[in-house]
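# next one to model:
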Amino acid sequence: PLIPSPPPGALPASSASPGAAPWPLLIVLAVAVLLPVGRASELPVAIGALAAIVLLAQRRIDWRAPASRLPLILFACYALPALISCATAVAPARTWSTVASIVRFLPFAMFATWALRDTRQWKTAIAMIAAVVSLWVIDAYAQMITGYSLAGAAEAERLSGIFGAGNLKLGPVLAVLSPFVLIAARDALRWRGLALAFVFLAVPILLAGSRAAWLMYALVCVVVAWREARSKRTFALALGVAIAIAGVATGIALRDSPGFDARIERSLLALGGTERAVDAASAGRVSIWRTAIVMWEAHPLTGVGVRGFRYAYPRYAAPEDTFVDTASDTGASHAHQIVLEVLSETGAIGLLFWLAGVGFAVRAWLRADGRTRDLAFAPALALVAMCFPLNTHLAFYSAWWGLLFWWLLGLYCAALGADGTSVAAPSRREAG
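Okay, here's the model as predicted:
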């Protein structure tokens, strides 16, 4: 078999030493390592998904166990709206292919839950993820100094770092994964580590130029400060120091980075108060959001189908909308806002499923004990930052952002089930 069963007399899978078989943990972490390399991160996802199928067949993963239940429920809340949206899809081939592709997320999430079932692995896992993100940050600093990173020259107006000038995801990814760096730094150096990590991450996130990332990182820092503060006074002091440091960093960036200066000037246009000013400040997002609402009104129950947004856009856009490409008869790729994406592509049914998923995820958190919440805190906060509704977003049903979303969900489910026994089926010796 691909994954051999434990020999007689061996420890059951649930209690094996985390150092005995590091390959499951390495497969899960390989997703993060390969995120900047195009679609390469799909390889460990595929390996993990196939391994999960084998483990299920060997009964080494029990799909009926409590810890397996959460990924199953969350996947249903994510996948069923996509499947239902096929009924009224404006681009059926694209919607059906998306539904087929997201099936891989469920076995991978179950594999991650199995791979990280031992609580002793979690400190190592958090540290390794933090190390990967820190290497990306160091590469971004090198690009700030020299103009080049491992992925080449910087984009004209933004720091692009390891993701490259043609793939401006550095800011959002650093902001989403920042909880891992902050928690690892806290574990290593207490509050001094937190302060150093805050500054270490803040500069490249600012210069990456994504305003959504700025908001995500601010949210992460506020939550971490609230969690670590012993009192309201300490929290207020930490927040004041963070704002002061961010102000200094912003001032330096405004002076030394023309691209950052341009982003700030564009953001300030919103102070004009008119719809046109807000639309200009948001790089045309208001036009996209208006079209998404019209799209949902035309398909209120099931939407236009997942990933069908760009194909339906010209039909519902205002005249002379700048995002409409008359040559290809397509428009903006997605709604750029999680609630509007769900409504426009999967309708009210989809939104109800997503809200149910949020409810199940929160209920699992509330039912966990303090030790388990500590394990789950980093992926939980990353998911909160990623899905915070008062922001703009990448597409959650897309191949890349959807993969990162489900990788974090897999970690979250694994942390909440990491008691050493909850997902691994008993060995044949125990069962006998």
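
# buried residues, the top helix by length along the chain. List them.
Using DSSP state H, we find that the single longest helix of the chain is helix 170-207. Neighbour-count burial for helix 170-207, with 16 or more other C-beta atoms under 10 Å as criterion, is recorded at 170-186, 193-195, 197-198, 200-207. C-beta coordinates here come from the backbone N, C-alpha and C atoms, glycine included.

# may I have the secondary structure class of the residue sitting nearest the centre point of the chain?
By C-alpha atoms, centre = their mean, the chain has its centre lying nearest to F405, at 3.8 Å. At F405 the chain is in helix, as set by DSSP: H, G, I helix; E, B strand; the rest coil.

# quick one: contacts for it?
383, 386, 396 (C-beta atoms under 8 Å, 6 or more residues apart in numbering).

# how close does it sit to K169?
13 Å (C-beta to C-beta, to the nearest Å).

# can you check T98 too?
Counting by C-beta to C-beta - T98 and K169 are separated by 20 Å.

# R60 too?
36 Å.

# so where is this structure shaky, pLDDT-wise?
Where the chain drops to pLDDT under 70, the residues are 1-21, 253-284, 419-432.

# sorry, back to before: so of the contacts of F405, which ones are in helices?
383, 386.

# what residues sit buried inside stretch 345-358?
345-351, 353-354, 357.

# A127 contacts I183, doesn't it?
No. Using C-beta atoms under 8 Å, A127 makes no contact with I183, being 9.3 Å away.

# please look at S134 and S178 and confirm they touch.
No. The pair S134 / S178 is not scored as a contact, 10.6 Å apart, by C-beta under 8 Å.

# ok so, going back, so what does the longest helix of the chain touch, helix or strand wise?
Applying 3 or more C-beta pairs under 8 Å, 6 or more residues apart in numbering; DSSP states H and E, one finds that helix 170-207 contacts helix 122-146, helix 211-228, helix 232-256, helix 258-268, helix 370-387, helix 399-416.

# who touches the fifth one?
Applying C-beta under 8 Å, 6+ apart, the set of residues contacting helix 370-387 from outside is 119, 122, 126, 129, 175-180, 183, 216-217, 219-220, 223-224, 227, 338, 361, 365, 368, 393, 396, 404-405, 408-409, 411-412, 415-416, 418-419.

# which ones are touching the residue nearest to I288 when sequence neighbours are not counted?
Among residues not flanking I288 along the chain, A332 sits closest, at 4.8 Å (C-beta to C-beta, 6 or more residues apart in numbering). Taking C-beta under 8 Å, 6+ apart as the criterion, A332 is in contact with 288, 291, 309-310, 313, 323.

# between these, which is nearest G164?
R310 (22.8 Å; C-beta to C-beta).

# okay, and the closest one sits in which element?
For R310, the host element (DSSP states H and E) is helix 309-316.

# by how many degrees do the next helix or strand after that helix and helix 370-387 diverge?
Going down the chain from helix 309-316, the next helix or strand is helix 338-367, by DSSP H and E. On the basis of axes from the mean of the first three to the mean of the last three C-alpha atoms, to 10 degrees, helix 338-367 is oriented at 180 degrees to helix 370-387.

# for helix 338-367, packing partners?
Short answer (3+ C-beta pairs under 8 Å, 6+ apart): helix 338-367 packs on helix 66-85, helix 285-298, helix 309-316, helix 370-387, helix 399-416.

# one more pass at 10 Å, please.
Helices and strands touching helix 338-367, as assessed by 3 or more C-beta pairs under 10 Å, 6 or more residues apart in numbering; DSSP states H and E, comprise helix 66-85, helix 92-102, helix 285-298, helix 309-316, helix 370-387, helix 399-416.

# give the buried residues for the first one.
When you say that, I think you mean helix 66-85. 67-71, 73-82, 84-85.

# equivalent analysis for the fourth one, please.
When burial is assessed from 16+ other C-beta under 10 Å, helix 309-316 yields the following buried residues: 309-314, 316.

# likewise the last one?
Within helix 399-416, the residues scored as buried using 16+ other C-beta under 10 Å are 400-416.

# one step back: could you measure from the residue nearest to the centre of the chain over to A52?
For F405, the distance to A52 - C-beta to C-beta - is 18 Å.

# on that earlier part again, what's the closest of the contacts of F405 to L34?
M386 (18.7 Å).

# can you pick the most crowded of the contacts of F405?
The member of these that has the most neighbours, counting by other C-beta atoms under 10 Å, is M386 with 23 neighbours.

# mind checking how far that residue is from G164?
21 Å.

# before we move on, what about L83?
Applying C-beta to C-beta to L83 and G164 gives a distance of 34 Å.

# wait, doesn't L50 sit right on M110?
No. L50 is beyond contact range of M110, at 11.8 Å (criterion: C-beta atoms under 10 Å).

# okay, those two: which has more neighbours?
M110 (28 against 16).

# that one contacts A49, doesn't it?
Yes. Assessed by C-beta under 10 Å, M110 is found in contact with A49 at 8.6 Å.
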